[in-house]
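Peer 1: Give me the fold of what follows.
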Amino acid sequence: MSVPQLAPHTVATVAADLRALGLTGGDTVIVHSSVRSIGFVAGDVQAVVRALLDVLGPAGTLVVPTHTPGNTDPADWVNPPVPADWWPVIRANGPGFDPLRTPSHRMGILPETVRTWPGARRSDHPQVSFAALGAEAAEIVADHAPAEAFGDGSPLGAIYRLGGKVLLIGCGHRRNTSLHLAEARQEQPPMTDYGSAVLGPDGAARWLTWTAPDHDVVHFEEIGAAFEATGAVTIGTVGEATARLMPQRELVDFATGWLARVS
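Peer 2: Reported below is the predicted structural model:
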């Protein structure tokens with residue numbers, strides 16, 4: 001039986017939990033979260049974002065995934081699939097990814113709140129964009145080419161170069177997007193074709209295809225458990241949620257070696 005929450009969480013208490021976990025002013029951090037798992041927070045998700053920004057301070061940067069899986073090739077859709085005779089209609093009539101207008105999808109409420117926060121910047125990848133708030137936001141989201149979905153030219157690569165951190169709140173390593181950077185760094189990663197509706201210079205939508213490293217999450221929980229066994233992950237709580245804070249560079253280097261050994 002779960003223990004009832006004794007008092008509402010607030011911006012101040014969530015911020016205190018984040019500091020106790022090891023998050024500090026000036027950090028660059030990518031956050032994956034289940035806001036519901038934190039419990040009742042006065043001010044809901046807005047208060048959670050406020051707490052993150054208060055801890056990071058003006059020199060820090062908050063990053064979230066704002067992916068758009070609905071803007072992918074319908075031939076690959078399985079949950080649910082659509083009839084094959086729909087595919088050309090979908091490809092021809094997508095409105096085209098717009099960093100300002102296209103909402104994230106299946107990412108949770110925190111990324112969408114950050115995406116629409118005043119001053120937020122968003123990368124222009126049509127499928128796996130990221131949004132950022134703070135001192136390094138412009139650098140992190142710049143020049144996110146389609147073929148660099150999760151590679152060194154992506155926001156994940158920028159976080160790596162900045163010595164950033166990964167924070168998981170109420171979720172596991174299956175959602176730890178930084179592990180995709182380790183996949184992209186393999187000597188010969190499996191490649192696959194992708195497609196999305198994008199906006200051209202004239203503002204008209206068109207269908208774009210490209211080839212890039214394939215990405216999946218099949219090993220992510222196993223890699224995460226092995227990395228935690230090294231002692232490099234700080235585990236604590238944010239509100240009622242189990243939270244994990246880790247250095248992204250160490251995580252990616254560890255995962256790169258781990259994947260090379262099992263390939």
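
Peer 1: rest of the way, CA atoms for contacts and neighbours
Peer 2: Will do.

Peer 1: Hmm, residue 173 and residue 221 touching each other?
Peer 2: Yes: between residue 221 and residue 173 there is a contact under CA atoms under 8 Å: 5.2 Å.

Peer 1: who has more neighbours, those two?
Peer 2: Neighbours were counted for residue 221 and for residue 173 using other CA atoms under 10 Å; residue 173 has more, 19 against 15.

Peer 1: residues in contact with that one?
Peer 2: With contact taken as CA atoms under 8 Å, 6 or more residues apart in numbering, residue 173 is in contact with 220-221, 224.

Peer 1: cool, and residue 15?
Peer 2: Taking CA under 8 Å, 6+ apart, we find residue 15 in contact with 51-52, 54-55.

Peer 1: ok, now residue 167?
Peer 2: 29-32, 243-246.

Peer 1: mind checking the backbone torsions on the residue nearest the centre of the chain?
Peer 2: Centroid-nearest residue in the chain: residue 65, 2.9 Å away (criterion: CA atoms, centre = their mean). Torsion angles at residue 65 (phi, psi; degrees, to the nearest 10) stand at phi -80, psi 130.

Peer 1: Pairing partners for it in the sheet, please.
Peer 2: For residue 65, the beta-bridge partners are residue 130 (DSSP bridges).

Peer 1: Hmm, residue 131 and it touching each other?
Peer 2: Yes: the criterion here is CA under 8 Å, and residue 65 meets it with residue 131 at 6.4 Å.

Peer 1: who touches both of those two?
Peer 2: What both residue 65 and residue 131 touch, as defined by CA under 8 Å, 6+ apart, is the set residue 111.

Peer 1: now for the lengthiest helix in the chain, which elements pack on it?
Peer 2: If each helix of the chain is counted by residues according to DSSP state H, the longest one is helix 248-262. Helices and strands touching helix 248-262, as assessed by 3 or more CA pairs under 8 Å, 6 or more residues apart in numbering; DSSP states H and E, comprise helix 155-161, strand 165-169, helix 179-184, helix 220-228.

Peer 1: what residues does it touch?
Peer 2: So helix 248-262 is contacted by 159-161, 163-166, 178-179, 181-183, 185-186, 223, 227 (CA under 8 Å, 6+ apart).

Peer 1: Low-confidence ranges, the chain, go.
Peer 2: Along the chain, the parts satisfying pLDDT under 70 run over 1-3.

Peer 1: how about 80 then?
Peer 2: Within the chain, the stretches with pLDDT under 80 are 1-3, 263.

Peer 1: the strands in it, which residues?
Peer 2: Counting by DSSP state E, the chain has strands at residues 28-33, 61-65, 121-122, 130-134, 165-169, 191-199, 205-213, 234-238, 241-247.

Peer 1: and residue 152, what is it in contact with?
Peer 2: Residue 152 neighbours (CA under 8 Å, 6+ apart): 158, 181.

Peer 1: Against residue 213, how distant is it?
Peer 2: Distance from residue 152 to residue 213, counting by CA to CA, to the nearest Å: 12 Å.

Peer 1: Then residue 234?
Peer 2: Separation of residue 234 from residue 213 (CA to CA): 30 Å.

Peer 1: Please apply the same query to residue 115.
Peer 2: Residue 115 sits 26 Å away from residue 213 when distances are taken as CA to CA.

Peer 1: And the two? Which one has more around it.
Peer 2: Between residue 115 and residue 213, residue 115 has the larger neighbour count (other CA under 10 Å), namely 26 against 21.

Peer 1: That one and residue 131, how far apart?
Peer 2: Separation of residue 115 from residue 131 (CA to CA): 6 Å.

Peer 1: intersection of neighbour lists for the two?
Peer 2: Joint contacts of residue 115 and residue 131 (CA under 8 Å, 6+ apart) are 66, 121-122.

Peer 1: Turn the residues you listed into TSV, including distance to residue 73 and neighbour count.
Peer 2: What follows is these, written out as TSV (distance: CA to CA, whole Å; neighbours: other CA atoms under 10 Å):
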residue	distance to residue 73	neighbour count
66	18	28
121	26	25
122	22	28
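
Peer 1: Sweet, I'm off.
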